[in-house]
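3D model of this:
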Amino acid sequence: MHGLAPKWVLKLPRFLRAKQRFLEIGQQILNKRRANNGEIRDDLIDATISYKDANGNAFTELEMLISVMSPFIAGMDTVAAMSSFLLYDLLTHPDILRQVQNEVNQHLDVSNFTSEMFMKMPTLHMAAIETMRMHTIAVAQPREAVNAFSFNGFAIPKGAQVMISGSASHFLERFYSDPYCYTPDRHHAPRQEFRQKHAYAPYGIGAHLCLGAGIAEVQFPLNVAMLLKRFDVMLDPPSYRLKLANNPTPHPSKFKIKLTGIHP
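Here you go, the predicted model:
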């Protein structure tokens, strides 16, 4: 899609099967909505079906399929990955885990969640920020140079395909003390290291900043909070150490947990 792999990859049987299944799911979503007797829900699917550009042109069927499937990659997959990263970080830092559990047990009402509850769980919030700093999903974004420019002695011509890494600054000592250490406290006042200019960009950079940035910052820590509210968990096996996979986005490879207790 971004020209990051050779074209022959698009002919591999494994890719073709995955593409077919991806489009089949999108087609099922569209077919189900079209058969819904004209009921309007005013959501992404309805907007995709009814879309017209300035010239009155609608999306092609393929464009519709890709549009309705985008939340599965841009939403569900990334939230699942970040939830796993956060859970791993907490389980490997017992002191922080205990602080989060105390906040969750005291303030979280699973049946009636409000934003005010989240604001009363600062350790959970700062732990989530630190997880996003260390395990950024959008590690780099492909861009095209609109104009020629020079960067660090390199001449970049107009039209060049470039990769911009917003996560590179997450490990610079000029922004973060001991940057490879998982330290949620660094984000509390008065330190607030992540608020320094150019220091923190887990959702990308510039005009193409992720549209789901605001909700993601609540959604994935809330997933973990709800799990901790109901269960005691541990790594399985306890000796597991983080390994990365990248399909379609970075996530923990072979990451498993074991439920060791249920809370009433």
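
Was I right to think residue 138 contacts residue 204?
Yes - under the criterion of CB atoms under 8 Å, residue 138 makes contact with residue 204 at 4.8 Å. Every residue, glycine included, has its C-beta placed from N, CA and C.

Tell me which of those two has more neighbours.
The neighbour count for residue 138 versus residue 204, taken as other CB atoms under 10 Å, is higher for residue 138 (22 against 19).

how about that one, secondary structure?
Assigned state for residue 138: coil (three-state reduction, DSSP: H, G, I helix; E, B strand; the rest coil).

now do residue 234
Local secondary structure at residue 234 is given as strand here, using three-state DSSP.

what about it, how many residues close to it?
13.

Find the residue at the geometric middle of the protein.
The geometric centre of the chain, computed from its C-alpha atoms, lies nearest to residue 78 (CA atoms, centre = their mean), at 3.5 Å.

Around the residue nearest to residue 196 when sequence neighbours are not counted, count how many other residues there are.
Closest residue to residue 196 apart from its sequence neighbours, by CB to CB, 6 or more residues apart in numbering: residue 175 at 5.4 Å. Look at residue 175: counted by other CB under 10 Å, it has 18 neighbours.

Quick check on residue 175: phi, psi?
For residue 175, the backbone dihedrals (degrees, to the nearest 10) come out as phi -100, psi -40.

Poorly predicted segments of the chain, please.
Counting by pLDDT under 70, the ranges of the chain that qualify are 1-4, 38, 211.

how about the strands of it, start to end?
Assignment of strands within the chain using DSSP state E yields the ranges 141-144, 149-151, 154-156, 161-164, 231-235, 244-246, 250-252, 257-262.

would you turn those into JSON lines with distance to residue 46?
What follows is the strands of the chain, written out as JSON lines (distance: least, CB to CB, whole Å):
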{"stretch": "strand 141-144", "distance to residue 46": "29"}
{"stretch": "strand 149-151", "distance to residue 46": "42"}
{"stretch": "strand 154-156", "distance to residue 46": "41"}
{"stretch": "strand 161-164", "distance to residue 46": "34"}
{"stretch": "strand 231-235", "distance to residue 46": "37"}
{"stretch": "strand 244-246", "distance to residue 46": "33"}
{"stretch": "strand 250-252", "distance to residue 46": "31"}
{"stretch": "strand 257-262", "distance to residue 46": "38"}
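
Of the ones you listed, give the one that comes closest to residue 92.
strand 231-235 (7.4 Å; CB to CB).

Mind giving me the packing neighbours of the lengthiest helix in the chain?
Across the chain, the helix with the greatest residue count (assigned by DSSP state H) is helix 13-34. Contacts defined by 3 or more CB pairs under 8 Å, 6 or more residues apart in numbering; DSSP states H and E place helix 13-34 against helix 44-50, helix 61-71.

Correct me if wrong: residue 58 contacts residue 67.
No - with contacts counted by CB under 8 Å, residue 58 stays clear of residue 67, the gap being 11.5 Å.

one step back: from the strands of the chain, which stretch is densest packed?
Mean neighbour count (mean count of other CB atoms under 10 Å) peaks for strand 250-252 among these, with a mean of 19.

Figure out how far it is from the centre of its chain.
Distance, stretch centre to chain centre, for strand 250-252: 10 Å (CA atoms, centre = their mean, to the nearest Å).

Which elements pack onto that strand?
Using 3+ CB pairs under 8 Å, 6+ apart as the contact test, the elements touching strand 250-252 are helix 78-91, strand 244-246.

Quick check: which of these is buried the most?
By mean neighbour count, with neighbours taken as mean count of other CB under 10 Å, helix 78-91 ranks first of those at a mean of 21.
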